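Asker: please work out how this folds:
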Amino acid sequence: MGVSRALIFGAFAALAAPAFAQTTEIYKCLDASGRPSYTNDKRETAGKKCEVVTSQINVAPAPKPAARAPGAFPKETPAERASAKGRQRDLLEKELATEMQDLAKARQALAEQEAVRSGDERNYARVLERLQPYKDRVETHEKNIEALKRELANLNR
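Answerer: Have a look, this model is predicted:
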């Protein structure tokens, strides 16, 4: 028990020492002949002309000031911004129409493949394996359509 208490006390002292060292003040004292001496013990400053050199040292660099916006910011007018949004909306709508056509084609190809049954596909797992790429294409187009609809909805905000 005595050894473990000593270890605990030693660990506590080791952890507390840096915190104590960070809060101590450093004094610069001049003796009678004018020679400077430095100390962190306030008792040694008695009878000498002393002043605090550092009360707290900040070791982290100061944050950089935020960049300022140029005087003519923003450079685009509200009309230009509206026309840019209009062009973006047109582009998204074209992409959506193309994606919907591709989805219809992918669904048609999937339906055609589901109707076809070859003789060597007696095992249903083989049928599913053959159809999986077609199902993946349909799912991809559906996800693309959802994403385009979300973008169009966000554009209207």
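Asker: could you break the protein into its assigned domains?
Answerer: The chain breaks down by automatic domain parsing into domains covering 24-56, 78-155.
Asker: chain center to stretch 139-151: distance?
Answerer: Computed by C-alpha atoms, centre = their mean, to the nearest Å, the chain-centroid distance of stretch 139-151 equals 26 Å.
Asker: quick one: contacts of that stretch?
Answerer: Stretch 139-151 is contacted by residues 92, 95-96, 99-100, 102-103, 106 when judged by C-beta atoms under 8 Å, 6 or more residues apart in numbering. For glycine as for every other residue, the C-beta is placed from the backbone atoms N, C-alpha and C.
Asker: lowest mean pLDDT across the domains of the chain, which one is that?
Answerer: Mean pLDDT values for these show the minimum at domain 24-56, a mean of 79.
Asker: can you report how many residues neighbour residue 103?
Answerer: Neighbours of residue 103 under the rule other C-beta atoms under 10 Å: 18.
Asker: all strands for the protein, in order.
Answerer: Under the criterion DSSP state E, the chain contains strands at 26-30, 36-39, 49-54.
Asker: strand partners of the shortest one, parallel vs antiparallel please.
Answerer: What that stands for is strand 36-39. Applying DSSP bridges, strand 36-39 is found paired with strand 26-30 (antiparallel).
Asker: the strand it pairs with vs strand 49-54, what angle?
Answerer: Using axes from the mean of the first three to the mean of the last three C-alpha atoms, to 10 degrees, the inter-axis angle of strand 26-30 relative to strand 49-54 is 150 degrees.
Asker: buried set for strand 26-30?
Answerer: 27-29 (16 or more other C-beta atoms under 10 Å).
Asker: any chance of those in TSV, with distance to residue 84 too?
Answerer: Formatted as TSV, the buried residues of strand 26-30 follow (distance: C-beta to C-beta, whole Å):
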residue	distance to residue 84
27	65
28	64
29	70
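Asker: hang on, the earlier thing: need the domains of the chain in TSV with distance to residue 68, can you?
Answerer: Below are these laid out as TSV (distance: least, C-beta to C-beta, whole Å):
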stretch	distance to residue 68
domain 24-56	31
domain 78-155	22
